[in-house]
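In: Here is my input; please provide its structure:
(chains A and B)
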Protein chains: 2
Amino acid sequence: MDGQRNEDTVRPPLRLALLGCGSVGSQVVRLLREQADDLTARVGAPIELVGVAVRRPELQRDADVPAHLLTTDAAGLVSRGDIDLVVEVIGGIEPSRSLILTALENGASVVTANKALLAEDGSTLFAAAEKAGRDLYYEAAVAGAIPILRPLRESLAGDKVRRVLGIVNGTTNFILDKMDTSGAGFTEALEEAQDLGYAEADPTADVEGYDAAAKAAILASLAFHTRVTAADVYREGISDVTASDVASAREMDSVVKLLAICELTDGPDGPSVSARVHPAMIPRSHPLASVREAYNAVFVESEAAGQLMFYGPGAGGAPTASAVLGDLVTVARNRLMDVRGAGESAYAQCEVLPMGSTETRYHVAIDVDDKAGVLAQVAHTFADHGVSIKTVRQEGRGVDAQLVVVSHRAADADLAATVEALRTMPNVHDVSSIMRVEGDGE
Amino acid sequence: MDGQRNEDTVRPPLRLALLGCGSVGSQVVRLLREQADDLTARVGAPIELVGVAVRRPELQRDADVPAHLLTTDAAGLVSRGDIDLVVEVIGGIEPSRSLILTALENGASVVTANKALLAEDGSTLFAAAEKAGRDLYYEAAVAGAIPILRPLRESLAGDKVRRVLGIVNGTTNFILDKMDTSGAGFTEALEEAQDLGYAEADPTADVEGYDAAAKAAILASLAFHTRVTAADVYREGISDVTASDVASAREMDSVVKLLAICELTDGPDGPSVSARVHPAMIPRSHPLASVREAYNAVFVESEAAGQLMFYGPGAGGAPTASAVLGDLVTVARNRLMDVRGAGESAYAQCEVLPMGSTETRYHVAIDVDDKAGVLAQVAHTFADHGVSIKTVRQEGRGVDAQLVVVSHRAADADLAATVEALRTMPNVHDVSSIMRVEGDGE
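Out: Reported below is the predicted structural model:
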């Protein structure tokens, strides 16, 4: 990045500080250099990289970062007062939060890819951006390179979004896809994902749904103009999904996916929203079912637009850097015009429903004695909890049989209570598979 | 729309004129009413509909348009001087062009869904918007409700788009899908599309690719920051696609789609671009292959983000109105802040390649005598034209045989010349199927 190269342009360069220079940051540096002329034309002024905060300056990096730009003093960099733009790709809560707040206070506009921070404490950041009159953009925080936040916030601003179903974690999608195509169990598929670099050595954040839950909070906040935090998101991971669950799904011509689900529900006291992450069976004919390997996709149902899907790579240095730079061009243009883009919009302030009150549907496999009257007992148990049955299929003969029940929509708490009651019934040996069902239009 | 309802908001209403009140316009009116409170919150001021220009005010409409707002004097409406925002959903070149130009001259920002006008004479409109310092937005012009123009223009602004493959015409996708699933011929599938309302009585604009070509021009212009008009787009429709072409595709585990293809090609004299619309075989494993019925999708390959796909309904009153209102919220916010969004960007001014110089690949079925040496003759003919063969498959035995050849990439003119030469070869009876091949990564 050589500011001198652009001395013939009218506008002085915008000064950019980069916080973090790992896989995403290195790609940001590369793209800033390779696309410098295009970026200048699109922004209306050159972007000049004036500092890169890293923890270990001696580290070999993918990108060729001029040594004189490297600093370990991130706080000093964002508070020096001559920075127009800050890109934060460190991740995690601290020091990222303090650095972003300091950057905003010092008059910089900020682009971040930090989903965990936004989902935990977005409102502090949004308030600081509002107060400073600066932009805080974060397209890269959800689904990597896939443009989804901007479409939700801007393209669908004249529509009413009713539901978002997202495959927003590539690691778990890779594992579940592998289980579906090879019949492997969870552990085996996880090991393959680790061998291929799709899963980390400690895969907890991905496998237990924490990463997806943070993204669900961000998606729900934008889709419903309501503040939803990670703590509001019900979360179940995929470590309990068995090869037999996947086989059950296959028998229903369905596939198991870890979904981030955000819904708007109309009620007598006005609309409420819910956000949850859990494995679910979806029909193979659903557009999300064809999202293979580590790809991500977000399926949006809105009142006027109908069904939309956004598909692409959900992670990786270059794709994430593409999303960061798209935001950077927008906030840089805004800086030149001295305006802000659309900030946080939480005007709707809908109630956020707890999981128990959220309507879901269950697929339950029940191992029972093959006796007359057992089906009637099971059906009674569902009815006693106010849960209506959509289909029952009996499998096996002789001493043991299996009943596979798919319910209609009911409050999740009632469905869970039904399962608990089934477990203690005479003639029921086990409830061997429980999974929610989504995406079949019921 | 009652401006009085919003008297407690700080900002005075923005005044909107609607030009055209057919299937899209009626839905715009409905959404403006039903979402009034949300729109006010998202824009920061109410939007007040102050006039609706129609040709026949006496017509019964889907939406409940107050009679006193209707006028047949569209030119008078856009020039009265107190209009902040204009939505044009009349379509066609005139009077739409004159009305949009008058609206801009009179200080209004404009949202249009008019693909034909933008593809034919976008530069006149963009220049007028620039001169007036107003916005001209047109997300609804391509692929209905699918947010694709905004992602191309903004989300990917820090990336380099290399290729856009779009299924951007629902009618032709419905027909080709029907031919694929039922084995029907073109005429039969077209009749079914007409019966179901997916094709018009005169289907020329859809079936012959004119509609898709207009959209290709718009997509290429945005993707490559270069002015591309409808006249620059090579165009072939689907009326010559036969049941046997579709069967040939099936044998290759492929499917025939009408694609709008926009490409950036690096050459010794810098990058050049191309835009074309024609039927092509794509592998069934390609994400576009699963786009069924009248749905649209746009597949984007960019340098950093990789492969992205945007999917949804490509037409219809409500979906198109959703895209119009998304734009309306943005241009209304810009009006309040007295700024413009990103205007036309044609800084790259790449050369637009003619079709003959554009690299494509052919799938050719050649009916030949089953004699020794015929394959060698055919191979020679390809080689003489500088075209390299990727695969040859021989089918049939006895007197007649069929050679199915798939080429490597070559200039389309060389491929076309190869086919012409094949037709006049001894031992060749007919070149019975010619179709370009896309999307298999070659």
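In: Quick one: residues contacting A:S357.
Out: Taking CB atoms under 8 Å, 6 or more residues apart in numbering or on different chains, we find A:S357 in contact with A:274, A:411-413. Every C-beta, even on glycine, is put in place using the N, C-alpha and C of the backbone.
In: Return the per-residue confidence for it.
Out: Predicted confidence (pLDDT) at A:S357: the value is 95.
In: my guess is A:A189 is in a helix, correct?
Out: Yes. Secondary structure assignment places A:A189 in a helix (DSSP: H, G, I helix; E, B strand; the rest coil).
In: quick revisit: got a markdown table for the contacts of A:S357, with secondary structure, pLDDT and neighbour count too?
Out: Output for the contacts of A:S357, formatted as a markdown table (DSSP: H, G, I helix; E, B strand; the rest coil; pLDDT from 0 to 100; neighbours: other CB atoms under 10 Å in any protein chain shown):
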| residue | secondary structure | pLDDT | neighbour count |
| --- | --- | --- | --- |
| A:S274 | strand | 98 | 28 |
| A:A411 | strand | 96 | 18 |
| A:D412 | helix | 97 | 23 |
| A:A413 | helix | 97 | 15 |
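In: Looking at those, which is nearest B:A193?
Out: Checking the contacts of A:S357 against B:A193 by CB to CB gives A:S274 as the nearest, at 39.5 Å.
In: and that closest one, bridged to which residues?
Out: Residues found in beta-bridge contact with A:S274 (criterion: DSSP bridges) are A:E263.
In: The residue of the stretch 301-442 of chain A found nearest chain B: which element?
Out: Ranking the residues of the stretch 301-442 of chain A by distance to chain B (CB to the nearest CB) places A:L325 first, at 2.2 Å. With secondary structure defined by DSSP states H and E, A:L325 is part of helix A:317-337.
In: how about the most centrally placed residue in chain A, phi and psi?
Out: Averaging the C-alpha coordinates of chain A gives a centre point, and the residue nearest to it by CA atoms, centre = their mean is A:K215 (3.0 Å). For A:K215, the backbone dihedrals (degrees, to the nearest 10) come out as phi -70, psi -40.
In: if I look at it, how far off is chain B?
Out: Here A:K215 is placed at a distance of 17 Å from chain B (CB to the nearest CB, to the nearest Å).
In: picking that back up, could you check the angle helix B:317-337 makes with the helix holding A:L325?
Out: For the pair helix A:317-337 and helix B:317-337, the angle between their directions (axes from the mean of the first three to the mean of the last three CA atoms, to 10 degrees) equals 50 degrees.
In: Beyond the helix or strand that contains A:Q194, next helix or strand please.
Out: Using DSSP H and E, the secondary-structure element containing A:Q194 is helix A:186-195. Using DSSP H and E, the helix or strand that follows helix A:186-195 towards the C-terminus is helix A:204-207.
In: Output the contacting helices and strands for that next one.
Out: helix A:170-182, helix A:210-224 (3 or more CB pairs under 8 Å, 6 or more residues apart in numbering or on different chains; DSSP states H and E).
In: how about these in a markdown table, adding distance to B:A116?
Out: As requested, those are exported to a markdown table (distance: least, CB to CB, whole Å):
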| stretch | distance to B:A116 |
| --- | --- |
| helix A:170-182 | 41 |
| helix A:210-224 | 33 |
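In: what's the most buried one of those?
Out: When you average the neighbours per residue for each of the helices and strands packed on helix A:204-207 (mean count of other CB atoms under 10 Å in any protein chain shown), helix A:210-224 leads with a mean of 28.
In: Done for today, thanks.
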